[in-house]
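1. Sequence first, predicted model second:
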Amino acid sequence: MTDRKSRAVWMSERFWRKNRLAHTFALLSVVALAATGTFAVEEAANLHGLGLSGIFPSTPPADLSEDEFAKLDGNWAEWSKGAAATVADFYSKLEGSDAAAQRRALGALKVKQDVIRRALKDSSYRSLYGPLTSLNNSLKLRIDYAEAVLDTLEIDGGRIAEGKTKSRASSLLSSIQSLENQLNSIGNGNLWLPYFKITDLKNALVSEPDGASAIAAASKSQALLNSRDSVLDENQRNFTHRAAFENVSNALDQYLAVAAWKNPAEATSKLRAEIKELTSALDSYAATGAKAKELRDAFSDVRFISADGGDRLASALQSRLFNYNLRVLVTEAFLNRIMSDSRSVQGPVNDFILGAQVNGSQITNTTVNVDLLPSNTTARFALRLNGNIQSNTAGVTPQATVYTAGNHTFNAAKEINFDGFRFMTSPATISVNPHNTTTGIATQLSGIPILGRIAHSIASQAVAEKKGQSESIAASRVQDGVLPPFNREVDSSFATAGDKLDRELFTGLRATGLFPDTFTYQTSDQLMTVNARLMSSHQVGADLPESRLMAVTGATLLLHETALNNAIDKIGIAGQTVTEPELRAKIEAFLSKALNRPFKFSGPAPTQPVDGSDDEKALNAIIFASEDPIRIRITNDELTIVIRAGFKQDGKDDIPMREITVPISLEASGRQIMAKAGQVLVAAADGEGGGVATNAVVRKKIQSVLPDRTVDGKVELKTPSKTVVAYVSTLTLLDGWVAVGID
């Protein structure tokens with residue numbers, strides 16, 4: 001309730017108390033209020049019945065236009081034309097239809113979307129996977145979103161509010177108490193309580209948590225808190241933005257959001273207006289990839305005022321706007337190319353076993369491999385040490401010398417888990433398979449015909465009787481010789497690996513805002529997957545990539561356009577005016593800080609140099625837009641750079657804001673990656689002036705700094721023991737994603 005409304009209520013009550021017909025009018029007031037309440041509920045119901053009418057546009061968004069469907073040509077031409085008509089029909093008939101009719105119309109869209117979904121699973125339509133994928137994702141987004149909007153509007157907000165208002169009032173009182181405690185400990189701090197009308201608010205909440213007086217008091221305190229930045233000086237602003245004040249302000253917002261549903265018609269009307277803003281922002285973002293902040297702000301507004309906290313809408317948008325935008329998939333075979341190791345060690349044998357002095361030599365051959373283990377929350381694997389020990393020894397006793405060939409195999413394993421920050425190791429285990437073969441026996445009587453044979457027979461029998469015992473001792477010796485150093489070496493290697501990773505990589509990413517806000521590690525018995533999302537509170541994430549992009553033979557990097565755009569935002573070029581050298585230096589400094597090591601552009605020579613005209617040479621600085629200065633769009637087989645900037649000119653007026661679109665095709669061919677720029681488009685942005693000649697100058701300038709390039713597709717992966725060379729084998733661009741296959 002606003003201050004104006006609360007004052008009107010107070011004045012009317014005062015008047016009727018003085019009137020002699022108070023009882024009669026009081027009765028009439030009750031009847032009037034009941035009628036008003038009934039009207040409000042009916043009005044809210046009528047608003048619910050409108051459904052999407054007045055919220056969705058009357059024409060399809062750009063990514064579901066007739067031109068987009070026309071990309072399904074050939075045998076699909078007739079079907080795509082009909083599908084486009086069905087989509088257009090859905091939007092054009094929203095006005096005047098009710099929610100029930102709209103749900104039925106969504107059923108027709110689902111039929112079209114299902115045809116596309118099934119076609120994507122059919123390899124015979126491989127040539128159309130690009131447009132099919134884009135249309136499938138765009139159509140599914142609008143269907144899921146429309147159903148979520150209808151569900152949200154049909155929620156009985158008043159009923160939900162009844163249970164939440166008192167709970168929110170209790171939370172508000174708790175935050176007020178914390179503020180009072182803090183202010184009472186500061187000299188004159190409690191003077192802020194009457195300034196923000198906190199005491200009046202507390203009394204009203206205690207008296208009637210969900211009453212009109214409490215709501216009016218909350219509105220007044222909220223307005224005063226919201227005015228802090230405009231009416232207070234800097235020191236006062238800083239003081240009143242302390243955590244205790246912010247907690248009260250947030251609790252007030254939550255309390256009033258629920259209380260608003262006491263007038264369901266007004267609350268529903270406001271909710272519909274906010275959902276309309278969200279719908280417009282969603283359609284704009286889906287078509288251009290720009291103004292993500294507007295989309296996030298609109299979504300936050302809807303979540304704040306909707307009765308369910310926007311949960312239904314959040315579930316519909318989560319998989320499309322807030323998913324991981326960086327994924328790395330690595331097969332066990334590829335990990336073994338990097339981490340496997342083989343060693344061969346030769347040495348003497350000098351031991352005392354079963355009363356015999358044993359001397360000789362041995363060769364130990366070992367191989368370390370990675371064995372991935374299933375885990376849903378960590379990168380879980382075992383290092384497996386497989387080895388073979390071959391020995392030739394002579395065991396000497398006073399009675400005989402026994403010559404033995406040993407061939408012992410062993411398998412040791414040590415499990416390791418990585419949670420994204422540290423490596424955790426488990427004690428190693430080992431199994432040994434010993435095998436000794438007696439190759440000769442010599443006694444003091446050897447060479448004497450009869451006695452020698454007798455002595456040899458006795459010695460052979462003694463060796464045979466002790467074979468089991470000797471092999472058991474051999475197994476024990478192998479275990480003692482292998483397990484402790486294996487444990488120590490692995491523990492030592494991974495003890496500092498987490499700290500090193502944090503120091504050499506994560507620290508820089510955090511410093512530049514490029515550290516993921518959320519990530520997961522997962523392993524199966526053949527594949528390790530890393531999922532990460534680079535996103536702030538004013539940015540968006542990715543959708544779910546098509547399953548065929550997740551196919552991997554060696555390693556695959558999946559990078560969504562939002563990861564690139566969100567990273568570009570962190571560089572800090574929005575609203576900046578910089579020369580080309582300054583821009584290059586700014587990006588190099590940013591990447592050097594992010595990677596925690598010096599970074600310099602290699603600057604390969606243009607393959608097709610462009611002769612610069614005098615007008616082109618006059619462009620000496622770039623004036624980047626204050627919002628979305630550079631945006632990356634990834635469509636089917638093409639990466640598009642959209643630059644919003646003006647230019648400074650020597651001796652001339654600035655060129656006003658332009659929107660420059662540069663399509664670039666990327667292809668992995670052999671062991672090289674080829675980037676080829678398409679036709680550069682230049683147009684006025686934000687209604688700025690400038691004609692064809694101006695656009696031509698800008699176009700030529702952009703063409704000169706973005707020539708075709710060919711770069712080496714080699715990837716070097718260095719470990720302490722070796723360097724593994726791999727190459728980019730595939731490069732796929734599809735509906736926002738670029739998938740880089742490495743093998």
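-> Looks like it arrived, so ask away.
2. you'd agree residue 625 is up against residue 575?
-> Yes. Between residue 625 and residue 575 there is a contact at 7.3 Å, judged by CB atoms under 8 Å. No exception for glycine: its C-beta is placed from N, CA and C like everyone else's.
3. Which residue of these two possesses the greater neighbour count?
-> residue 625 (21 against 11; other CB atoms under 10 Å).
4. tell me the SS of the nearest residue to the more buried one once chain neighbours are set aside?
-> Nearest residue to residue 625, sequence neighbours excluded (CB to CB, 6 or more residues apart in numbering): residue 644, at 3.8 Å. The local conformation at residue 644, judged by DSSP: H, G, I helix; E, B strand; the rest coil, is strand.
5. swap in residue 711?
-> strand.
6. Residues in a beta bridge with the most centrally placed residue in the chain, which ones?
-> Nearest to the mean C-alpha position of the chain, counting by CA atoms, centre = their mean, stands residue 533 at 1.7 Å. Beta-bridge partners of residue 533, counted by DSSP bridges, are residue 518.
7. show me what contacts the residue nearest to residue 625?
-> 624, 625, 627, 628, 629, 630, 631, 657, 658, 659, 660, 685 (CB atoms under 8 Å, 6 or more residues apart in numbering).
8. contacting residues around the residue nearest to the centre of the chain?
-> 322, 323, 324, 325, 326, 516, 517, 518, 519, 541, 542.
9. Looking at those, which are in strands?
-> 326, 518, 519 (DSSP state E).
10. and the second one, how many neighbours?
-> The reference is to residue 518. 12.
11. for it, what are its contacts?
-> Contacts of residue 518 (CB under 8 Å, 6+ apart): 324, 532, 533.
12. Name the nearest residue to residue 258, ignoring sequence neighbours.
-> Closest to residue 258 by CB to CB, 6+ apart is residue 164, at 4.5 Å.
13. Kindly apply the preceding question to residue 115 instead.
-> residue 79 is the one closest to residue 115 (CB to CB, 6+ apart), at 7.4 Å.
14. and what of residue 631?
-> Residue 631's closest residue in space is residue 642 (CB to CB, 6+ apart), at 4.4 Å.
15. Next: residue 509.
-> residue 515 is the one closest to residue 509 (CB to CB, 6+ apart), at 4.1 Å.
16. got the phi/psi numbers for that neighbour?
-> phi -80, psi 130 (degrees, to the nearest 10).
17. How much space separates it from residue 501?
-> Look at residue 515 and residue 501: by CB to CB, to the nearest Å, they are 12 Å apart.
18. Any idea which helix or strand in this structure has the lowest mean pLDDT?
-> helix 3-18 (a mean of 35; mean pLDDT, DSSP states H and E).
19. what's in contact with stretch 348-355?
-> With CB under 8 Å, 6+ apart, stretch 348-355 has contacts from 357-362, 391, 393, 395, 397, 466, 469-470, 473, 477.
20. for stretch 92-110, that is, sorry about that
-> In contact with stretch 92-110 (CB under 8 Å, 6+ apart) are residues 48-54, 56, 58-59, 86-87, 89-90, 139, 142-143, 146-147, 150, 153-154.
21. Of the residues you listed, grab the buried ones for PyMOL.
-> A single PyMOL command is used to select the members of the contacts of stretch 92-110 judged buried by 16 or more other CB atoms under 10 Å:
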select buried, resi 48+50+51+52+53+56+87+90+139+142+143+146+147+150+153
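22. Next step: the contacts of stretch 92-110 restricted to strands.
-> Among those, no member falls in strands (DSSP E).
23. Tell me which of the contacts of stretch 92-110 fall in helices.
-> 48-50, 86-87, 89-90, 139, 142-143, 146-147, 150, 153 (DSSP state H).
24. I'd assumed residue 734 was in contact with residue 133.
-> Yes. Between residue 133 and residue 734 a contact is recorded at 5.8 Å, counting by CB under 8 Å.
25. shared neighbours, the two?
-> Joint contacts of residue 133 and residue 734 (CB under 8 Å, 6+ apart) are 546, 636.
26. Can you show me the helices along the stretch 401-550 of the chain?
-> Ranges of helices in the stretch 401-550 of the chain, per DSSP state H, counting those that start in this stretch, are 449-465, 467-495, 497-501, 507-511.
27. Which of these has the lowest mean pLDDT?
-> Ranked by mean pLDDT, the helices of the stretch 401-550 of the chain bottom out at helix 449-465, with a mean of 81.
28. Pull the residues that contact that one.
-> Under CB under 8 Å, 6+ apart, the answer for helix 449-465 is 399, 400, 402, 438, 441, 443, 444, 445, 446.
29. List the buried residues for stretch 289-305?
-> In stretch 289-305, residues buried by neighbour count (16+ other CB under 10 Å) are 289-299, 301-303, 305.
30. My assumption is that residue 283 lies in a helix; please confirm.
-> Yes. If the criterion is three-state DSSP, then residue 283 is within a helix.
31. what is residue 642 paired to in the beta sheet?
-> residue 631, residue 661.
32. That one is in contact with residue 633, isn't it?
-> Yes. Here residue 642 reaches residue 633: they are 6.4 Å apart, a contact under CB under 8 Å.
33. so what sits against both of the two?
-> 288, 289.
34. Identify each buried residue in stretch 339-353, please.
-> Those would be 339, 340, 349, 353, for stretch 339-353 by 16+ other CB under 10 Å.
35. Against residue 338, how distant is the closest residue in space to residue 326 that isn't next to it in sequence?
-> Leaving aside its chain neighbours, residue 326 sits nearest to residue 532 (4.4 Å; criterion: CB to CB, 6+ apart). For residue 532, the distance to residue 338 equals 20 Å [CB to CB].
36. of those two, who's got more company?
-> When residue 532 and residue 338 are compared for neighbours, residue 532 comes out ahead with 19 against 16, by other CB under 10 Å.
37. quick one, what contacts the more buried one?
-> Here residue 532 is in contact with 324, 325, 326, 327, 516, 518, 519, 520 (CB under 8 Å, 6+ apart).
38. and with 7 Å instead?
-> Neighbouring residues of residue 532 by CB atoms under 7 Å, 6 or more residues apart in numbering: 324, 326, 516, 519.
39. Repeat that for residue 183.
-> 189, 190, 192, 193.
40. Please give the number of neighbouring residues around the first one.
-> So that's residue 189. 14.
41. If we ignore the residues flanking it in sequence, what's nearest it?
-> residue 183 (3.6 Å).
42. a helix runs through the one you found, doesn't it?
-> Yes. Assigned with three-state DSSP, residue 183 falls within a helix.
43. Could you report the separation of it from residue 223?
-> 20 Å.
44. the domain parsing of the chain - what is it?
-> Domain ranges of the chain: 62-154+267-321, 330-499, 535-742, per automatic domain parsing.
45. tell me the contacts of the closest residue to residue 554 other than its chain neighbours?
-> Distance criterion CB to CB, 6+ apart; nearest residue to residue 554, sequence neighbours excluded, is residue 743 at 3.5 Å. By CB under 7 Å, 6+ apart, the contact list for residue 743 reads 553, 554, 726, 727, 729.
46. quick one: contacts for the first one?
-> Contacts for residue 553 (CB under 7 Å, 6+ apart) come out as 331, 743.
47. secondary structure element for it?
-> Using DSSP states H and E, residue 553 is not contained in any helix or strand.
48. sorry, back to before: can you check the pLDDT for the residue nearest to residue 509?
-> pLDDT, residue 515: 93.
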